[in-house]
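Peer 1: Provided below are the primary sequence and the corresponding predicted coordinates.
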Amino acid sequence: MNIRPDILTVLLVAGAVAFFCRAAGFFLMRFVPITPRLEAALRATPLAVMVGICAPVIARGNPAELAALGVVAIATKLTGSDVLGAMIGVVAVAGLRALF
């Protein structure tokens with residue numbers, strides 16, 4: 001496999017920019033007072049991102065994805081972990097796509 005130098009350069013620059021954005025945000029948040037409203041917004045962000053990712057899939061209404069969504073809801077409720085629920089959902093949707 002050949003790696004083109006221009007593609008490698010783009011990947012490295014994109015990675016550096018992404019890291020800089022995260023590091024700058026982490027650094028700058030030291031100077032922002034954390035109010036209850038801001039804390040609530042920060043806690044809701046992961047859920048909002050997951051909904052943004054899942055909404056188009058749900059709108060299409062494919063049976064495997066809709067069934068996996070139910071599995072995710074149940075797994076998250078039983079385990080109490082969003083991350084574990086999402087991982088179980090990935091496995092569920094892969095298995096259900098193989099069946100449908």
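Peer 2: Arrived safely, thanks for sending. Residues are numbered from 1 along each chain as shown.

Peer 1: what's the pLDDT at M1?
Peer 2: In this model, M1 is scored at 68, pLDDT.

Peer 1: before we move on, what about F100?
Peer 2: Confidence at F100, expressed as pLDDT, is 76.

Peer 1: residue contacts, it?
Peer 2: Contacts of F100 were listed using CB atoms under 8 Å, 6 or more residues apart in numbering, and they are 62-64. No exception for glycine: its C-beta is placed from N, CA and C like everyone else's.

Peer 1: Tell me how far it lies from V49.
Peer 2: F100 sits 27 Å away from V49, going by CB to CB, to the nearest Å.

Peer 1: before we move on, what about A68?
Peer 2: As judged by CB to CB, A68 and V49 stand 18 Å apart.

Peer 1: So for the two, which residue has more residues nearby?
Peer 2: Neighbour tally, A68 and V49, criterion other CB atoms under 10 Å: the higher count belongs to A68, 24 against 10.

Peer 1: For the more buried one, list the residues it contacts.
Peer 2: 89, 92-93, 96.

Peer 1: what helix or strand does it sit in?
Peer 2: Using DSSP states H and E, the element containing A68 is helix 63-79.

Peer 1: buried residues in that helix?
Peer 2: By 16 or more other CB atoms under 10 Å, the buried positions in helix 63-79 come out as 64-65, 67-69, 71-72, 75-76.

Peer 1: If you count neighbours, what's buried in the helix or strand that that helix is followed by?
Peer 2: Beyond helix 63-79 in the direction of the C-terminus, DSSP H and E gives the next helix or strand as helix 82-99. For helix 82-99, a neighbour-count test (16+ other CB under 10 Å) marks 85-86, 88-89, 92-93, 96 as buried.
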